[in-house]
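S.K.: Structure for the following, please:
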Amino acid sequence: MQAPLHGIRVLDLSAVLSGPLATALLADQGADVVKVEPPGGDLSRRIGPAKGTMSAMFIAANRGKRSILLDLKRADHVAVVRALAARADVLVENFRPGTMARLGLDPAALQAANPRLVVASITGFGSSGPYADGRVYDAVIQAVAGISASHPAQPSGAPTLLATTVCDKLTALTAAQAITAALLARERDGRAPRLELSMLDAALAFQWPDAMYNHVFASEPEPPAPEFGVLQRPYATRDGHVALMTPQPDEFGALCRGLGRPELAADARFATIDARRRHFAELLTLLDALIAAHDSDELVARLRAAGVPIGRVNQRHEVLADPQVRHNGAIVEIDHGDVGRVRLARMAARFPGLDLPPLRPAPRLGEHNRQVLAELGFDEARIGRVLGPAAAREEG
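M.R.: Here you go, the predicted model:
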């Protein structure tokens, strides 16, 4: 059986991460993704370690795509985008609101020319509103969505920013799911819906089940519960750290037995979740001392066997050798031409029985200029006029 998105054509006008990662997931599932890059290439080509114009971030977020270099300030290059959109199933863009229309690529006009075109527009704050016109990066959304808010477990009480582009990535996951839903809707009635998604909205939806649970009840305010995760932190062992959670009575009992203190499970101070919250400082002192007496791997093996949810805290380089990561085949190596071999995390969702394509390299800047233009029916003379000497020099 073929990959789920085999035969779906995606035109990717997006840059950096939220849009590109979404379309990379579509490519993983079999879609033909053509990425339009400006002169100089996507900004992500210059983020992180790189070999020439191929950065680690660009490779991870643009695997399996084809690249065409177009300057959207040129009318003939905008005409190429229109031609690509006329034969595409999906167009993804993450320009600021109004930019597409100013470029002569108004989504309504594109859909009028191709009623089966799903147009997915990703913005930072939304298409309108007091913040809509501002430039946006991940840290800004972390701040506004409450992700960086001060954490009760932090002694300083200061807010913090996660050292990962969490909002970009969760927006990408949301966008990929919504695009496939839009494709399904199109198959039902023949017309493609328009899709709008803001990073702020995606981040709030991500926050709501746990980090914002004290703000769910509106009609009759409830007494606030301790903020989710206030009791969570890694525990130091003799040679590293472990993380564990024991919300169920049997799990906490197994932890106490595994640490040689079975009586703690019946101690009135710790017998319930509420009691453990009230006496957390005392429990933390006990657990710190008990866990610090063990090596990480020995403790994880023993407590996991007893039914305790526990994991070793891997440093980032240690993730590659983790036994479960290796067993899952979650990290794969592929040949990336003159860049050498690269590691990528494969698509998390599996489709047993479907023939998914193997992960493929990310494109060099403008690598597929001629191929894509030829597919549009351009002859060599017209290809030469569109590319021009400057674009031709950037190929490869």
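
S.K.: show me the contacts for the residue nearest the centre of the chain.
M.R.: Closest residue to the average C-alpha location of the chain: residue 169 at 2.3 Å, with Cα atoms, centre = their mean. Residues near residue 169 by Cβ atoms under 8 Å, 6 or more residues apart in numbering: 17-18, 21. In short, each C-beta sits where N, CA and C put it, glycine included.

S.K.: could the residues you listed be laid out in TSV, adding neighbour count?
M.R.: Conversion of these to TSV gives the following (neighbours: other Cβ atoms under 10 Å):
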residue	neighbour count
17	26
18	31
21	24
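
S.K.: Keep only those of the residues you listed that are in helices.
M.R.: Under the assignment DSSP state H, the contacts of residue 169 contribute 18, 21 to helices.

S.K.: possible to save the contacts of residue 169 as a markdown table with distance to residue 315 and pLDDT?
M.R.: A markdown table is the format used below for the contacts of residue 169 (distance: Cβ to Cβ, whole Å; pLDDT from 0 to 100):
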| residue | distance to residue 315 | pLDDT |
| --- | --- | --- |
| 17 | 24 | 98 |
| 18 | 27 | 98 |
| 21 | 24 | 98 |
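
S.K.: ok but the residue nearest to the centre of the chain is inside a strand, no?
M.R.: No. Looking at residue 169 with DSSP: H, G, I helix; E, B strand; the rest coil, it is helix, so not inside a strand.

S.K.: which residues of the stretch 251-396 of the chain score low on pLDDT?
M.R.: By pLDDT under 70, the weakly predicted segments of the stretch 251-396 of the chain are 390-396.

S.K.: mind listing the strands in it by residue range?
M.R.: Applying DSSP state E, counting those that start in this stretch to the stretch 251-396 of the chain gives strands spanning 310-312, 331-335, 341-345.

S.K.: Export those as JSON lines, with columns for mean neighbour count and distance to residue 299.
M.R.: As requested, the strands of the stretch 251-396 of the chain are exported to JSON lines (neighbours: other Cβ atoms under 10 Å; distance: least, Cβ to Cβ, whole Å):
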{"stretch": "strand 310-312", "mean neighbour count": "20", "distance to residue 299": "8"}
{"stretch": "strand 331-335", "mean neighbour count": "12", "distance to residue 299": "25"}
{"stretch": "strand 341-345", "mean neighbour count": "15", "distance to residue 299": "28"}
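
S.K.: now for the ones you listed, which one comes closest to residue 195?
M.R.: Nearest to residue 195, of all the strands of the stretch 251-396 of the chain, is strand 341-345, at 25.4 Å by Cβ to Cβ.

S.K.: burial measure for the residue nearest to residue 20 when sequence neighbours are not counted, as a count.
M.R.: Distances taken as Cβ to Cβ, 6 or more residues apart in numbering place residue 61 nearest to residue 20, at 4.3 Å, with adjacent residues excluded. Close neighbours of residue 61, defined as other Cβ atoms under 10 Å, add up to 27.

S.K.: who's in contact with residue 61?
M.R.: 17, 20-21, 24, 44, 362.

S.K.: Nearest to residue 213 among the contacts of residue 169?
M.R.: residue 18 (25.9 Å).

S.K.: From residue 289, how far out is the closest one?
M.R.: Distance of residue 18 to residue 289, computed by Cβ to Cβ, to the nearest Å: 45 Å.

S.K.: Equivalent analysis for residue 6, please.
M.R.: Residue 6 is 57 Å from residue 289, by Cβ to Cβ.

S.K.: okay, these two: which has more neighbours?
M.R.: With neighbours defined as other Cβ under 10 Å, residue 6 and residue 289 compare such that residue 6 has more, 15 against 10.

S.K.: Would you agree that one is in contact with residue 30?
M.R.: Yes. Between residue 6 and residue 30 a contact is recorded at 4.1 Å, counting by Cβ atoms under 8 Å.

S.K.: For residue 127, which non-adjacent residue is spatially closest?
M.R.: residue 97 (4.7 Å).

S.K.: and that neighbour, what helix or strand is that in?
M.R.: Assigned by DSSP states H and E, residue 97 falls within no helix or strand.

S.K.: which residues touch it?
M.R.: Per Cβ under 8 Å, 6+ apart, neighbours of residue 97: 123, 126-128, 132-133.

S.K.: so residue 67 sits in a strand?
M.R.: Yes. Residue 67 sits within a strand when classified using three-state DSSP.

S.K.: What does the pLDDT read for it?
M.R.: With respect to pLDDT, residue 67 has a value of 98.

S.K.: which non-adjacent residue is nearest it?
M.R.: residue 363 (3.6 Å).

S.K.: Could you check which helix or strand contains residue 142?
M.R.: helix 138-144.

S.K.: Off-centre distance for that helix?
M.R.: 15 Å (Cα atoms, centre = their mean, to the nearest Å).

S.K.: Contacts for that helix, please.
M.R.: In contact with helix 138-144 (Cβ under 8 Å, 6+ apart) are residues 17, 124-125, 131, 134, 147-148, 159, 161-162, 165-168, 199-200, 203.

S.K.: Can you show me the CA trace of it as PDB?
M.R.: Once non-C-alpha atoms are left out, helix 138-144 reads as follows in PDB (Å, rounded to 0.1, in the frame of the first residue of the first chain):
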ATOM      1  CA  ASP A 138       9.100  31.600  19.600                       C
ATOM      2  CA  ALA A 139      10.300  33.300  22.800                       C
ATOM      3  CA  VAL A 140       7.700  36.000  22.300                       C
ATOM      4  CA  ILE A 141       4.900  33.500  22.100                       C
ATOM      5  CA  GLN A 142       6.300  31.600  25.100                       C
ATOM      6  CA  ALA A 143       6.000  34.900  27.000                       C
ATOM      7  CA  VAL A 144       2.500  35.900  25.900                       C
END
